[in-house]
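A.B. asks: what would the 3D arrangement of this be:
(2 chains)
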Amino acid sequence: MDRRKFLQTAGIVSGTVFMGSCGSERDQNKLISYLVPPEDGVTPGKALWYATTCTECTAGCGAMVRVREGRPVKIEGIPEHPVSRGGLCMRGQSSLWRLYHPERIKTPLLRQEGGFLEISWEEALGRIRENLDVARSEGRRSVYLAGRTTGSLSEMIDLFGETAGVERLPEFEYFSHAALRRSYGALFGREEIPHFPIDEADVLLTVGADLLETFLSPVDFAARYSEAVSRENFRWFHAEPHMSLTGANAHRRLILKPGGEAALLAHLLRTSASGGRKPPRAVLDSLPELSPQDAADATGLGEKSLRELTEAWAGAKRPMVIAGGVSVGQRGGEAVSLLAGLLQGMHGWADFSRAENYGNVGNANDLAKLSDRLATGGIGVIFISRTNPVYHAPDDLHLSARLRQPDLAVGFADLPDETTRELDLILPVSHTYESWGDTEPRRGIRTLIRPAVQPLYDTRSEGGILLELAGKGESYRDWLFSRWSGRFGEKALGEFASRGYLVEEAPGEKAQFDPADAIDVLKRIDFAQTAGPGLWITPSIRAFDGRSRPLKLLSEVPDPLTTISYGRWVSVPEADAKRLKIRDGEEVRLSSGDWSVELPARIQPGLLKGRFTVHREHLHRAPFGIDPDTGEFIVRLDGPRVEKTGVKRPLAVLAGSTSRQGRGIIPDPVHREAKKEEVHARLYPEHEHPEYRWAMAVDLRRCIGCGACAAACYVENNVPVTGQKDHLKGREMSWLRIEPYYRDDGAVEFVPMLCQHCHFAPCEPVCPVYAAYHNPQGLNVQVYNRCVGTRYCSNNCPYKVRRFNWWPHKAEEPLRRMHNPDVPVRARGVMEKCTFCIQRIRAAGDAAKDEGRKIRDGEVMPACAQSCPTSAIVFGNLKDLEAKVTRLSKADRAYRIFDVLGTESSVYYLKGQE
Amino acid sequence: MNKTDPIEARERFESDVLSVMGRPGFRYFAALGFCAFLVTLGFGLWGWQIFRGVGVAGISHPVGWGVYITNFVFWVGIAHSGTLISAVLFLFRAKFRTSFNRAAEAMTVFALMVAGLFPLIHLGRVWIFYYLLPYPNQRLLWPNFRSPLIWDVFAVTTYMIVSLVFFYVGMIPDLAVARRRLKGFASRIFAILSLGWNGSLGQWRHYNKLYIFLAAFATPLVASVHSIVSWDFAVSIVPGWHTTIFAPYFVAGAILSGTAMVITLVWPMQRILKLENYITTDHFEAIAKILLLTSLIVSYSYIVETGFAFYGEHPFEAEQFRYRSFGDYAVLYWVMIFCNSLLPLTLFVRRLRRSLPYLFVLSLLVNVGMWIERFVIIVNSLARDYDPYAWGTYTPSPVEIGITLMSFGLFFLLYLIFLKVLPILSITELKEHHG
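C.D. replies: Alright, predicted model coming up:
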């Protein structure tokens, strides 16, 4: 090498090294730098868990946020949580969709001509202060309307109201349970709702109360139902005029005449008088006489059913009644809730020590008052937070127009909705998983809200905004911590922070039972029922009161009773479908007066003739008005006109058939002896399972068909959400589905269907490339990289649980951040299916290997089992003779679906009730 | 046939057959252009499907196989009678085959080329189709020899190779004739293709041995290929597929559709190319008799299959056949019964059997019927198998219809090209039998 060459080379080398070293770690735009140790505790591949509270509804279930590489990827229930007891519903499982929703409001927005302008926080808060000052000086009141608020935030709102001179209005909830609270006020002097431990009752009668869908605390009810139903002596009657998921799960569904609730409860009061527990004399005297014959007529149940109920009731040690839902959302709902309250008082169930905390919640009449105040122009600034009154208010309140009246209408919101559209200023609030706080869903039960991630956008928590508007210098977090340590003490605070909840001592006071105030109402009870057709607005397990509609996952997971995923529909009784000659997807017009709605029909078994139902989220506004006595929304329309329009609208019904077709999917009865005799000839040698053979047991008695497992599976396994178009073609991707099977009498049994991981799997031998393969742990695994997409495995699967990627499914930004990094995202053209959450099995296996032991029973919990509010799903190793799943697989009730085919599946079903 | 002057007759055979290869007219180019258009369209749609995903097809859950596999089975079936006519009839010394065998062999090869596309088209990830082949690789992974789809790969490729060799070997003496009689560039091409054939006695001795050996070798393939194709279905556990009668049933069906396709192709060929002297009504009648026989076998299979379901006390199987006859696709089922079972019965009437236009129309309908048969078997069985929740239906999408049209376009395109570049009748066999 000559001198020139040497200098050239040296120059290039040193220059390259120098250039390459420029810049800093910070600019490299890498999520995790592997050169510099992470400061924020992010270890690649290691998950962090934060205990917080789910706020998709206000029940206050405990939620653990699983954070990977700084991103929340999964929500799971907190085991032993006093509210939710370890499970979550499908709304809870979907709550991350709100966090990562592409339409999140990212900065403060100011109304302008023809749209909203993005402004800064300083400007937004400045405008609010200015308008508050102007309003105060000109003598106009400023008001604060929130959704149900409990815990420290409620104190914060009060504090803000005091300092800024803002009047706090009664809170607005669609499910305000106003009638119930009113009756408890009349009977016990407490306008609260007692806590109902249904597992402590031996006979439970629910009247309209949709325990498993939206009523008070559905996950808690589901967990307690699961406890109760495993006892032999528990009987559950559910009385309702229509058909609900709750009714489908009760032992006995009593189909009432519309308006027959009061008669049923009054009859029960009278007949229970003959037993040991007597209602007060005055009450009995005030009730009109009802002979069993009259009662049977008035309730529409028939004497036999009625006698069955009254006898069970009389023979019960601790019978419980709960009224609610559609039964109080009608004229005369007050009487229904009063009678139920009387029965509860008699049987000692009116325990307010853990009352549901609805103290700040008003009713729909309050909304009407607000509307009037808005119209008269006496309001300066209105704040609206976490509630959507415009969506729920009846048309005659003209709320959306009147919200333009005040000087400034301010909303706190995470997603745009009907209400934010009418506001002047929208303040983007952080999601619960981005903020600090707490709730007190029941008296003395505090649940923690803590951030699992830095706010994704320029958002703030509601408490923080109020604190700043109140002019306090500290951060909301510091303010909270000082309040908490003052209230609980340092030791309890540590426990609160780590477990995510704190149960305070229950106040010992007993509520005084005094029916005197109720007598007046009882005397006025009108046992009038209507026998004609009716339309009910029913609460929906998927959207609550409509607030969870924007979460697409909740449209992807079908409604349990109809198996419809996307779209709106009206449920039509079989009898009317026959009369009107309509089939699924044909449009009907329901009308009454000048109100009408056109919806495609879905024929619903179990509905009596003339009874139509439509989910709350499928109707805008409250078309049937408000009950002035109680302030409840009326959910029943009497005598609607029903016509066929002749239009056909495709409806995404996922079930091909909801009849068992005599195929032994739920055998009756289970023939254990007969099964043993069957010997199948085997062409190929048996698989060997040296250590583990994973299996699952699903208790159909506990399964309520709520679909939480399906939602959990979507999030855990990065299952693509495909949308309406693909659902109409039968291309949903769910690995786990709930199959409802209707009997001729309208009773429903739910069967969770997932890959059965057959020992002799039909999918395996037909795959030409060994993509479907049986692993030594008994799992039927799908090797995505190997799959060429012949779809033969799916054709040959008798359970039809394999799902093909028809498209390259790309999740929208920022929803992609929810992807679980432990699970690959499948390419187009490959088959996928349930893996029994193999990533969790692997993780547990690794941990066990490090400690030199085998995986313990219960250590691996697939996402579906974890989320199940009723613990219906048990997972474990069949090779472990002590394992719970092994025990259950040998139970008398155990059977396997399509056992006759010799697939020897690894999912055992335990037959439910007859 | 004029037998007075053998030399003149031979001369006429040669010139008649080779004159077909003359300059094509406008109508030929129009037909060629139309077929080429369909092919371009179809391949474009396939490209679109690869680009967007298999979702552009109508197949979904639970019907994972639809028109694509229907086409595959249909074209493999068409391919069948070629071997039957040339190999089996050769072994049986059925002289009438002479008029058809070249056309039938060409049909076999082209139908197989078309059929071979469909397993590729229906793959989710066609770009790794070679995973289906047993090639040596560092991961020591082999295909799954338990899978009928792998048997398919071997069956179809074997059949393809044997058919091609048989087609080519049978043509060598004729290629030499073409070399001799044609001029210029064509002559040079045929010189290479005819492999130095000079018609010496020694060559003929070897040639005849090879030909009869190849015929013997190809004959079992008539049974084996379509048996294996039928096992794609019969080996599964799907009600309506899982039955032991499938192998003979499919073979008979294949021959039925193949003979129908021979009639469909040869009658216009005879009319347009003026080959009445060589392909006579007697020949068509012989083919029609085969068609009738196989139709009877197929009808028998329909009856047996339904009988199994009726007497089987197997709720899944029973529901499947109830669904076929009265369900969503019942119309297709009854059209199938009409075309494949009832209509061919008219061939018992001699006058109809010898009416060429009638035979032509019948052959078209049998083709339709046989295509529908495969559709009925594939789609109905998948639409209603075990789990009632997962029942569903299937409607072909425009992409699938376009690709199906492409398959017909491609087949006729290849056939049209064949007419103009190769001798369409076996000149040497004509000489042998008629000279």
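A.B. asks: residue in chain A nearest to chain B?
C.D. replies: When distances are taken as Cβ to the nearest Cβ, chain A reaches nearest to chain B at A:G789, 1.7 Å away. Every residue, glycine included, has its C-beta placed from N, CA and C.
A.B. asks: now do that residue, the pLDDT please.
C.D. replies: For A:G789, the pLDDT comes out at 95.
A.B. asks: now swap in the one 10 residues further on and tell me
C.D. replies: Residue-level confidence at A:Y799 comes out at 96, pLDDT.
A.B. asks: equivalent analysis for A:A747, please.
C.D. replies: According to the predicted model, the pLDDT of A:A747 comes to 87.
A.B. asks: now swap in B:L291 and tell me
C.D. replies: The confidence metric pLDDT takes the value 93 at B:L291.
A.B. asks: how about the secondary structure of it?
C.D. replies: helix (DSSP: H, G, I helix; E, B strand; the rest coil).
A.B. asks: go on, A:E643?
C.D. replies: Classification of A:E643 using three-state DSSP returns strand.
A.B. asks: the one 4 residues further on too?
C.D. replies: For A:V647, the secondary-structure state derived from three-state DSSP is strand.
A.B. asks: ok, it - contacts?
C.D. replies: Counting by Cβ atoms under 8 Å, 6 or more residues apart in numbering or on different chains, A:V647 touches A:586-587, A:598.
A.B. asks: where strands are concerned, which of these count?
C.D. replies: Residues from the contacts of A:V647 lying in strands, with DSSP state E as the criterion: A:586-587, A:598.
A.B. asks: so which of those is the closest to A:R129?
C.D. replies: When the ones in strands among the contacts of A:V647 are ranked by distance to A:R129 (Cβ to Cβ), A:E598 comes first, at 47.6 Å.
A.B. asks: what parts of the stretch 201-350 of chain B come near chain A?
C.D. replies: Proximity of the stretch 201-350 of chain B to chain A (Cβ under 8 Å from any Cβ of the partner chain) is limited to residues B:232, B:235-238, B:315-316, B:319.
A.B. asks: how does it look with 6 Å?
C.D. replies: Residues of the stretch 201-350 of chain B found near chain A, taking Cβ under 6 Å from any Cβ of the partner chain as the criterion, are B:236-237, B:315.
A.B. asks: residue of the stretch 151-300 of chain B closest to chain A, please.
C.D. replies: Across the stretch 151-300 of chain B, no residue is closer to chain A than B:S236, which sits at 4.5 Å (Cβ to the nearest Cβ).
A.B. asks: give me the neighbour count for B:F217.
C.D. replies: 13 (other Cβ atoms under 10 Å in any protein chain shown).
A.B. asks: SS state for it?
C.D. replies: helix.
A.B. asks: which regions of chain A sit below the pLDDT cut-off?
C.D. replies: Per-residue confidence for chain A (pLDDT under 70) gives these ranges: A:21-41, A:273-276, A:508, A:669-680, A:913-914.
A.B. asks: tell me the domain ranges of it?
C.D. replies: The record's domain split for chain A, according to automatic domain parsing, is A:109-174+A:361-445+A:454-478, A:178-346, A:534-648, A:691-910.
A.B. asks: mind putting those domains in TSV, distance to B:L293 included?
C.D. replies: Supplementary listing: these in TSV, determined by distance: least, Cβ to Cβ, whole Å:
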stretch	distance to B:L293
domain A:109-174+A:361-445+A:454-478	71
domain A:178-346	58
domain A:534-648	45
domain A:691-910	32
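A.B. asks: pLDDT of the helix or strand harbouring B:V162, averaged?
C.D. replies: Using DSSP states H and E, B:V162 maps to helix B:148-181. Averaging pLDDT along helix B:148-181 gives 92.
A.B. asks: contacts only, for A:A518.
C.D. replies: Listed by Cβ atoms under 6 Å, 6 or more residues apart in numbering or on different chains, the contact partners of A:A518 are A:186-187, A:338.
A.B. asks: from the residues you listed, which ones fall inside helices?
C.D. replies: Those of the contacts of A:A518 mapping onto helices are A:186-187, A:338, per DSSP state H.
A.B. asks: and chain B, which of the residues you listed reach it?
C.D. replies: Judged by Cβ under 6 Å from any Cβ, the overlap between the ones in helices among the contacts of A:A518 and the neighbourhood of chain B is nil.
A.B. asks: ok, back up a step: neighbour-wise, which one of the ones in strands among the contacts of A:V647 leads?
C.D. replies: Each of those was scored by neighbour count (other Cβ under 10 Å); the top score is that of A:E586, with 21 neighbours.
A.B. asks: quick one: residues contacting that residue.
C.D. replies: Listed by Cβ under 6 Å, 6+ apart, the contact partners of A:E586 are A:601, A:648.
A.B. asks: what count of nearby residues applies to A:A528?
C.D. replies: A count of neighbours around A:A528, defined by other Cβ under 10 Å, yields 12.
A.B. asks: where's it, which helix or strand?
C.D. replies: Secondary-structure element containing A:A528, defined by DSSP H and E: none, the residue being outside all helices and strands.
A.B. asks: same question for A:S226.
C.D. replies: Under the assignment given by DSSP H and E, the secondary-structure element containing A:S226 is helix A:218-229.
A.B. asks: same thing with A:M320?
C.D. replies: Per DSSP H and E, A:M320 falls inside strand A:319-323.
A.B. asks: and whatever residue of the stretch 301-435 of chain B ends up closest to chain A, how far from A:A393?
C.D. replies: Distances between the stretch 301-435 of chain B and chain A by Cβ to the nearest Cβ are smallest at B:W391, namely 2.7 Å. In this structure, B:W391 and A:A393 are 43 Å apart, going by Cβ to Cβ, to the nearest Å.
A.B. asks: try A:R71
C.D. replies: 38 Å.
A.B. asks: neighbour-wise, which of those two wins?
C.D. replies: For A:R71 against A:A393, the residue with the higher neighbour count under other Cβ under 10 Å is A:A393, and the figures read 25 against 22.
A.B. asks: how about the closest residue to that one other than its chain neighbours, what does it touch?
C.D. replies: Once flanking residues are discounted, A:A393 sits nearest to A:L399: 4.2 Å by Cβ to Cβ, 6 or more residues apart in numbering or on different chains. With contacts defined as Cβ under 6 Å, 6+ apart, A:L399 is in contact with A:371, A:389-390, A:393.
A.B. asks: re the thing from before, now the helix holding A:S226, how far from the centre of its chain.
C.D. replies: On the basis of Cα atoms, centre = their mean, to the nearest Å, helix A:218-229 is displaced by 14 Å from the centre of the chain it belongs to.
A.B. asks: three-state assignment of A:H81?
C.D. replies: Using three-state DSSP, the secondary structure recorded for A:H81 is coil.
A.B. asks: where does the stretch 101-250 of chain B get nearest to chain A, residue-wise?
C.D. replies: For the stretch 101-250 of chain B, Cβ to the nearest Cβ, closest residue to chain A: B:G124, 1.7 Å.
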